[in-house]
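**Q** coords below, sequence missing:
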């Protein structure tokens with residue numbers, strides 16, 4: 001992407017951040033608010049200090065299994081028990097256009113997997129139905 005596209009992406013991310021924090025979420029995918037971009041944000045911290053934006057995220061490796069009880073801003077009245085990978089390696093671009101490959105575990109790993117489901121059109125209700 002060129003610089004102009006990344007400046008546009010920053011505006012989208014700012015909108016997403018405001019929406020996520022307003023609704024007390026820990027993650028949000030662009031399609032959840034009607035934006036057709038392969039973009040997720042998440043902040044697993046209690047003090048809004050670990051905000052991460054990922055453009056075109058791809059899970060390159062998975063390890064281990066964990067069951068989680070998840071909620072979703074798209075379906076706020078539902079909770080679902082979902083099997084996720086405990087550890088993941090993700091490749092993505094940051095908002096400067098740099099390619100990052102990073103390992104995630106614990107709650108960060110779960111947040112990323114949950115938000116990436118939205119990029120594929122999958123909601124927690126899809127886990128309940130299966």
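**A** Alright, I've got the coordinates. Keep in mind it's a predicted model, so treat the numbers as computed, not measured.
**Q** other residues contacting the strand or helix carrying residue 81?
**A** Using DSSP states H and E, the element containing residue 81 is strand 75-93. With contact meaning C-beta atoms under 8 Å, 6 or more residues apart in numbering, strand 75-93 is reached by 1, 54-72, 99-106, 109-110, 112-114, 123-125, 127-128. All C-beta spots, glycine's among them, are computed from the backbone N, C-alpha and C.
**Q** hmm, which of these are the buried ones?
**A** 54-55, 57, 59, 68, 70, 72, 104, 109-110, 112-114, 123-124 (16 or more other C-beta atoms under 10 Å).
**Q** which ones among the contacts of strand 75-93 lie within strands?
**A** Among those, DSSP state E puts 54-72, 99-105 in strands.
**Q** before we move on, back to that, among the buried ones among the contacts of strand 75-93, which two are most distant?
**A** The distance between the two most remote of the buried ones among the contacts of strand 75-93 (C-beta to C-beta) is 24.8 Å, for 55 and 68.
**Q** isn't residue 60 up against residue 101?
**A** Yes - taking C-beta atoms under 8 Å as the definition, residue 60 is a contact partner of residue 101 at 6.8 Å.
**Q** where does residue 4 land on pLDDT?
**A** At residue 4, the predicted lDDT confidence score is 53.
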